[in-house]
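Asker: sequence below, structure please.
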Amino acid sequence: MTGDIEKRGNKYRYKLYLGKNAVTGEPDVFNSVPFDTKEDADLEMQLHISKLNYEKKLKRMQALMPDVQGMMPAAPSLQPLASTITVAELLRKWKADSVEVKDRGTTNDRYERIIEGAIIPVLGHIPLAELQRGHIQDWVKSMQKRGGRTGKGLVPQTIHSYFARLYTALKYAEKEHLLLENPASDVDLPQIVKTESQKVAPDQVRKILDALRETRWHLITFIGFHTGLRVGEILGLLWKYIDLDAGTLEVAHGLTAVKGKSLVLGPAKTDGSHRTIHLNETTVKALKEHQKRQKEVFASLGKRWTTESAVFVNTKGNFIRPSQASDAFSKVAKQLGYKLTFHATRHAHATICLKGGIAMKTVSERLGHASIAFTMDLYAHVLDGMDQEAADTFDREVDIPRSD
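Answerer: The predicted structure follows:
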């Protein structure tokens with residue numbers, strides 16, 4: 001099937017040559033309605049040809065297999081919006097429909113920065129119907145060479161993250177019948193070089209906690225090391241989720257700083273993040289003492305303490321910003337000669353538990369990971385070091401006499 005585009009006045013039309021008319025024997029020609037630009041006419045012609053080819057294939061299959069009639073989907077059709085919407089408009093529509101409706105605050109802010117700062121400036125002006133794999137591939141290459149604030153290029157992990165946002169938005173466009181296929185499907189991405197998680201030895205844990213002992217950050221960091229909770233999960237804790245008698249802690253919320261909304265206490269990061277973990281005696285004792293002191297402070301401020309109160313508060317009895325705890329931790333770690341972030345408390349908890357023989361599944365559940373596979377991939381280096389230990393343990397426990 002072939003087609004031509006011709007200009008009539010200031011308008012463009014396309015013709016499709018459909019073969020010979022079965023009755024008259026004359027060429028069967030389809031003439032389109034007029035379009036403002038040649039590009040619009042060409043786009044509609046290609047969509048028309050795709051639809052006709054699909055219908056032709058469907059009829060051929062139905063003729064060969066009458067029983068499948070009605071089982072195949074109807075020929076795909078695009079919404080009228082498909083020929084006018086730009087990539088920028090699609091991204092904002094996708095964000096409004098798919099991200100903001102289940103917004104955790106920081107997620108929405110992060111997506112907005114990626115969309116408005118990294119994708120739209122390069123691809124936003126392109127009509128969605130004209131977006132090609134080449135456009136996206138060139139965008140990826142530009143991020144590698146001169147992306148980021150310094151203009152020296154972005155690391156592969158960041159490029160993958162930015163690309164994932166665009167890819168998901170284009171999949172949304174397919175679902176909404178704004179695209180027939182995703183032009184990002186075959187784009188080549190830079191290989192991610194796997195890096196190990198931050199390593200923290202037990203003696204480093206002790207030194208960091210000692211350095212923070214006389215500060216309000218001590219117990220927050222202590223909880224991080226002893227539970228593996230994220231900093232937002234720790235600072236989002238309410239007393240009603242801690243059972244000091246049973247020695248358990250329920251992670252139900254996370255505290256996040258949201259642009260224009262100050263601090264927001266939102267639901268746990270994922271379904272796996274909502275979990276209940278056990279506390280050791282040392283942690284229970286520290287929390288009991290902390291609760292007693294907090295009640296006294298609330299009384300001095302004229303505030304009523306309840307189980308709805310936050311476990312960690314500032315001098316006014318309000319939530320503490322996660323960034324403040326993170327900065328305090330990094331500052332002390334740097335003074336001690338360690339290049340660590342607060343997230344290292346989480347890695348330390350996992351690593352020390354695994355080396356102590358705790359099952360990977362248990363560690364994964366304590367951390368609130370989405371799957372045990374993710375935990376295994378993240379801490380594979382810990383398991384490698386335990387292989388020799390496993391062999392020696394078996395030899396020691398079984399103690400089979402050697403034959404000379």
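Asker: count the neighbours of Arg133 for me.
Answerer: Using other Cβ atoms under 10 Å, Arg133 is surrounded by 14 other residues. The C-beta positions use only the backbone N, C-alpha and C, and glycine is treated the same way.
Asker: need the pLDDT of it.
Answerer: Note on Arg133: pLDDT of 93.
Asker: could you do Pro267 as well?
Answerer: According to the prediction, Pro267 has pLDDT 77.
Asker: also the one 5 residues further on?
Answerer: The predicted local confidence for Gly272 comes out at a pLDDT of 73.
Asker: point out where the stretch 301-404 of the chain drops to low pLDDT.
Answerer: 385, 399-404 (pLDDT under 70).
Asker: all helices of it, in order?
Answerer: Counting by DSSP state H, counting those that start in this stretch, the stretch 301-404 of the chain has helices at residues 322-335, 343-355, 360-367, 372-378, 380-398.
Asker: which of these is buried the deepest?
Answerer: Greatest average neighbour count among those goes to helix 343-355 (a mean of 21), per mean count of other Cβ atoms under 10 Å.
Asker: phi, psi of the closest residue to Leu237 other than its chain neighbours?
Answerer: Using Cβ to Cβ, 6 or more residues apart in numbering and skipping residues adjacent in sequence, the residue nearest Leu237 is Val311, 4.2 Å away. According to degrees, to the nearest 10, the main-chain angles of Val311 amount to phi -70, psi -40.
Asker: my guess is Val311 contacts Leu244. True?
Answerer: No: Val311 is not in contact with Leu244 according to Cβ atoms under 8 Å; the separation is 11.1 Å.
Asker: list residues touching both of those two?
Answerer: 287, 291 (Cβ atoms under 8 Å, 6 or more residues apart in numbering).
Asker: so for the two, which sits in the more crowded spot?
Answerer: For the pair Val311 and Leu244, the greater number of neighbours falls to Val311 (21 against 15), based on other Cβ under 10 Å.
Asker: please tell me how far the more buried one sits from Asp245.
Answerer: With distances taken as Cβ to Cβ, to the nearest Å, Val311 is found 16 Å from Asp245.
Asker: cool, Leu354 as well?
Answerer: Leu354 is 29 Å from Asp245, by Cβ to Cβ.
Asker: before we move on, what about Thr315?
Answerer: Noted for Thr315: a distance of 29 Å to Asp245, by Cβ to Cβ.
Asker: then His253?
Answerer: His253 sits 22 Å away from Asp245, going by Cβ to Cβ.
Asker: these two: who's more crowded?
Answerer: Between His253 and Asp245, counting by other Cβ under 10 Å, His253 is the more crowded of the two (22 against 7).
Asker: which strands and helices lie in contact with the longest helix belonging to the chain?
Answerer: Longest helix of the chain, by residue count under DSSP state H: helix 38-64. Contacts defined by 3 or more Cβ pairs under 8 Å, 6 or more residues apart in numbering; DSSP states H and E place helix 38-64 against strand 2-8, strand 11-20.
Asker: which positions within that helix qualify as buried?
Answerer: 40-45, 47-48, 54, 58 (16 or more other Cβ atoms under 10 Å).
Asker: cool, stretch 170-188 as well?
Answerer: Those would be 170, 172-173, 176, 178-180, 182-184, 187, for stretch 170-188 by 16+ other Cβ under 10 Å.
Asker: report the two of the residues you listed separated the most.
Answerer: Within the buried residues of stretch 170-188, two members stand farthest from each other by Cβ to Cβ: Glu176 and Val187, at 20.9 Å.
Asker: can you list the residues that contact stretch 141-156?
Answerer: Here stretch 141-156 makes contact (Cβ under 8 Å, 6+ apart) with 118, 122, 158-159, 162, 189-193.
Asker: could you tell me which of the residues you listed count as buried?
Answerer: 118, 122, 159, 162, 190.
Asker: dump the residue contacts of the nearest residue to Met376 once chain neighbours are set aside.
Answerer: Nearest residue to Met376 in three dimensions, chain neighbours excluded: Met360, at 5.9 Å (Cβ to Cβ, 6+ apart). Neighbouring residues of Met360 by Cβ under 8 Å, 6+ apart: 354, 372, 375-376, 379, 383.
Asker: could you give the angle of the helix or strand hosting Leu265 to helix 322-335?
Answerer: Using DSSP states H and E, Leu265 maps to strand 262-267. Per axes from the mean of the first three to the mean of the last three Cα atoms, to 10 degrees, the angle that strand 262-267 makes with helix 322-335 is 100 degrees.
Asker: pairing partners for strand 262-267, with directions?
Answerer: strand 253-258 (antiparallel) (DSSP bridges).
Asker: let me know the average pLDDT across the partner strand.
Answerer: Mean predicted confidence for strand 253-258 is 83.
Asker: dump it to PDB, restricted to CA.
Answerer: Output of strand 253-258 as PDB, limited to C-alpha atoms (Å, rounded to 0.1, in the frame of the first residue of the first chain):
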ATOM      1  CA  HIS A 253       4.400   6.500  58.600                       C
ATOM      2  CA  GLY A 254       7.300   8.500  57.200                       C
ATOM      3  CA  LEU A 255       8.100  12.100  57.800                       C
ATOM      4  CA  THR A 256       9.000  14.100  54.700                       C
ATOM      5  CA  ALA A 257       9.800  17.700  53.900                       C
ATOM      6  CA  VAL A 258       7.600  18.900  51.000                       C
END
